[in-house]
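Participant: Sequence first, then the predicted structure, then my questions.
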Protein chains: 6
Amino acid sequence: MDKTRYEKGWARLGEIDGHGGEQVIQSLQNIAPDLGRYIIEFAFGDIYTRPGLDARQRQLITLASLTTQGGCEPQLDVHINASLNVGLTPLEIVEAIMHCVPYTGFPRVLNAIFVAKRIFEERGLQVEGL
Amino acid sequence: MDKTRYEKGWARLGEIDGHGGEQVIQSLQNIAPDLGRYIIEFAFGDIYTRPGLDARQRQLITLASLTTQGGCEPQLDVHINASLNVGLTPLEIVEAIMHCVPYTGFPRVLNAIFVAKRIFEERGLQVEGL
Amino acid sequence: MDKTRYEKGWARLGEIDGHGGEQVIQSLQNIAPDLGRYIIEFAFGDIYTRPGLDARQRQLITLASLTTQGGCEPQLDVHINASLNVGLTPLEIVEAIMHCVPYTGFPRVLNAIFVAKRIFEERGLQVEGL
Amino acid sequence: MDKTRYEKGWARLGEIDGHGGEQVIQSLQNIAPDLGRYIIEFAFGDIYTRPGLDARQRQLITLASLTTQGGCEPQLDVHINASLNVGLTPLEIVEAIMHCVPYTGFPRVLNAIFVAKRIFEERGLQVEGL
Amino acid sequence: MDKTRYEKGWARLGEIDGHGGEQVIQSLQNIAPDLGRYIIEFAFGDIYTRPGLDARQRQLITLASLTTQGGCEPQLDVHINASLNVGLTPLEIVEAIMHCVPYTGFPRVLNAIFVAKRIFEERGLQVEGL
Amino acid sequence: MDKTRYEKGWARLGEIDGHGGEQVIQSLQNIAPDLGRYIIEFAFGDIYTRPGLDARQRQLITLASLTTQGGCEPQLDVHINASLNVGLTPLEIVEAIMHCVPYTGFPRVLNAIFVAKRIFEERGLQVEGL
């Protein structure tokens, strides 16, 4: 195991995804622990720690990619929470998802918006200006 | 025709996509001119003019959505140029595309990176730090 | 707000999607009301009111697009009901979904058929000839 | 080999896809002839000969499925020609493709429209009303 | 009906998918029985009975295709069970799904792994070496 | 840089993808060299070197994932060559691609088969039994 990448990735995972990300890793322990390790080492240790874009910019990109990929509602749950954790506002999250309509159509955008709606309700958050 | 949305969208299309966007609209004239009108009115007049995210943030989201959608190399061509037009650097564009690897895999990211490579060569641009 | 497109789209949404469509718009009110407005103005006011194809032809196309897009079960629910509302028979709906097998494979077709099965049971409808 | 399904499918393939479909089957002879046989027997012998929807309705569905699937430009080429062969007009073909924008976004619709544009030019056809 | 293909396919469906596959066919009886027949005749009678690859190799391919297609959790349920039925071990199933990460990203792989996790728990199976 | 993973991955990349893989890495040098490094370290150093499945099994899975993902013709080119390099026969490659028809439909399978056809012609290979 590559301790440096793992430790760097685990720290970043905690900062960004918080409890939601740690639960995903934990749930992989008795089925595919190395998949959890790759999420930590590669996705968080390698990619999320790169310079060039800040944490908020990276979450906008993650939201767009997950919305467009489709069928990723569990991962949108983790990353809409992560987006709030790094300082994106509910409005910015909604705008990022809505901006994908011209590229992937309304259905995938609606699916993502309804994940955001549930999370904002759970966390007692309002979209600014509504 | 809704003049306000059309004019607002045409102005935004020109600012963002420049010549590439105008060529797409022009090429639709003898086959589906209303499709071009919807791109101007809806995509640019309605979506790209929304507040809440700035032009550079919106292009990061567009790049992620097009990379992830797959098979959108002609649209990536227009929007990598657009990203440069609104002030994203070659490095930021490359980082935005690379950030999608954990969500959509290497092949779609490679396809998008090779579009960027051709555009940067055509425009004589270097990725900063390389 | 563009009253004409909105009013035209809201009328068409009511004719086609009925209560299901109105519920989707309503559920967006406290999270992304403009997304609901775009569905009304653009999808229903601009696209569904176009001449050239009738309402039944447009629903066949919608069913094929949603089946093929994948992960759109909530939207298939609305549009299988809409297809019945505009006069497609259960048999025509099933045939439209099944016709997609050669293009998108069995799994997405099965997912769509099971949405239709539930709706037909809820509405007490039989596929003709079965 | 199932002569009945094969013969029925080959006749239907000829009626619908014409030369384009036969060329695809021919090009598979020295690599995967059974794949060609399945296209004839299953796609055309089983699916396209089903009652419940007529040939023009089935082509509208095929156009929507191929547009939405993405990356199917060679198959769109065959089936836009097929759509003309069974009596859909250029306008109906363009409308069918455009109707997919709300469900799959502009890029895949643009890719399909540009295939139609090339075919209409090759066949000297105009979209009615333009 | 083509008795030979149907009988050959029904036998292969029983060997591979077991009860899960038969339930899918049964559930189609009052909505789209011909869709069930095509699954038996074409998918199992034509494709799964082909020489050139053995049953375990074909299931590895099925797992990869379903994982990558996305939104196919019900079909993954049937085919992870099928993979066990033809002699793939839990470890081989997990490895096949994980091998798709570079090509389709983490989210679709996670979705597939969590289906496997549930099935292994239901069947009281452990991934070897964990 | 993690020398062990990089060296292990580079060796495996050379064994499997040969010249085609090395060209992809080389072409990334002046645009996104770290993307090439991740392909070496993560895809080849981490994933392709895992125990549990042999090289031929892993290539069957790669072919299925790339065929199903769609729009990955350049990557199919590299990996059909890689499949031959690790000992899969032309027939096994064709069977693996064809096995995906029930899951992803004919168009993506046809696109992949035509990549295989070109490669087999370039390398002077015949599908056994044809």
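Facilitator: In hand now; what should we look at?
Participant: Going by C-alpha atoms from here, please, whenever you check contacts or count neighbours.
Facilitator: Will do.
Participant: Pick out the residue of chain A closest to chain F.
Facilitator: Nearest to chain F in chain A, going by Cα to the nearest Cα, is A:Phe42, at a distance of 7.3 Å.
Participant: Chain A against chain D: which residues are in contact?
Facilitator: Residues of chain A lying close to chain D by Cα under 8 Å from any Cα of the partner chain are A:Val101, A:Pro102, A:Tyr103, A:Thr104, A:Gly105, A:Phe106, A:Pro107.
Participant: sorry, back to before: and the residue of chain A closest to chain F, how many residues sit next to it?
Facilitator: A:Phe42: 22 surrounding residues under other Cα atoms under 10 Å in any protein chain shown.
Participant: is it true that it touches F:Phe42?
Facilitator: Yes - with contacts defined as Cα atoms under 8 Å, A:Phe42 counts as touching F:Phe42 at a distance of 7.3 Å.
Participant: Give me the neighbour count for the closest residue to chain E within chain A.
Facilitator: Nearest to chain E, among the residues of chain A, is A:Gly71, at 5.3 Å (Cα to the nearest Cα). Residue crowding around A:Gly71 was assessed by other Cα under 10 Å; the count is 24.
Participant: Then A:Gln23?
Facilitator: A:Gln23: 12 neighbours (other Cα under 10 Å).
Participant: Which neighbouring elements make contact with the strand or helix carrying A:Ala64?
Facilitator: Assigned by DSSP states H and E, A:Ala64 belongs to helix A:55-69. Packing partners of helix A:55-69 (3 or more Cα pairs under 8 Å, 6 or more residues apart in numbering or on different chains; DSSP states H and E): helix A:73-85, helix A:90-98, helix A:106-122, helix B:55-69, helix B:101-104.
Participant: could those helices go into JSON lines alongside mean neighbour count, mean pLDDT and distance to D:Asn85?
Facilitator: Shown next, in JSON lines, are the helices and strands packed on helix A:55-69 (neighbours: other Cα atoms under 10 Å in any protein chain shown; pLDDT from 0 to 100; distance: least, Cα to Cα, whole Å):
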{"stretch": "helix A:73-85", "mean neighbour count": "21", "mean pLDDT": "97", "distance to D:Asn85": "42"}
{"stretch": "helix A:90-98", "mean neighbour count": "23", "mean pLDDT": "98", "distance to D:Asn85": "39"}
{"stretch": "helix A:106-122", "mean neighbour count": "20", "mean pLDDT": "98", "distance to D:Asn85": "32"}
{"stretch": "helix B:55-69", "mean neighbour count": "26", "mean pLDDT": "98", "distance to D:Asn85": "31"}
{"stretch": "helix B:101-104", "mean neighbour count": "27", "mean pLDDT": "98", "distance to D:Asn85": "38"}
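Participant: now those as TSV including distance to E:Val127?
Facilitator: Formatted as TSV, the helices and strands packed on helix A:55-69 follow (distance: least, Cα to Cα, whole Å):
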stretch	distance to E:Val127
helix A:73-85	24
helix A:90-98	38
helix A:106-122	32
helix B:55-69	32
helix B:101-104	25
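Participant: So A:Cys100 is in contact with B:Gln59, correct?
Facilitator: No - A:Cys100 lies out of contact with B:Gln59 (Cα under 8 Å); the separation is 10.7 Å.
Participant: so how far is chain B from the spatially most central residue of chain A?
Facilitator: Among the residues of chain A, the one closest to the centroid is A:His79, at 1.9 Å (Cα atoms, centre = their mean). A:His79 sits 12 Å away from chain B, taking Cα to the nearest Cα, to the nearest Å as the criterion.
Participant: Relative to C:Pro74, how far out is A:Phe114?
Facilitator: A:Phe114 sits 11 Å away from C:Pro74, going by Cα to Cα, to the nearest Å.
Participant: for the closest residue to chain C within chain A, what are its contacts?
Facilitator: Of all residues in chain A, A:Gly71 sits closest to chain C, at 5.3 Å by Cα to the nearest Cα. By Cα atoms under 8 Å, 6 or more residues apart in numbering or on different chains, A:Gly71 lies in contact with C:Gly70, C:Gly71, E:Gly70, E:Gly71, E:Arg108.
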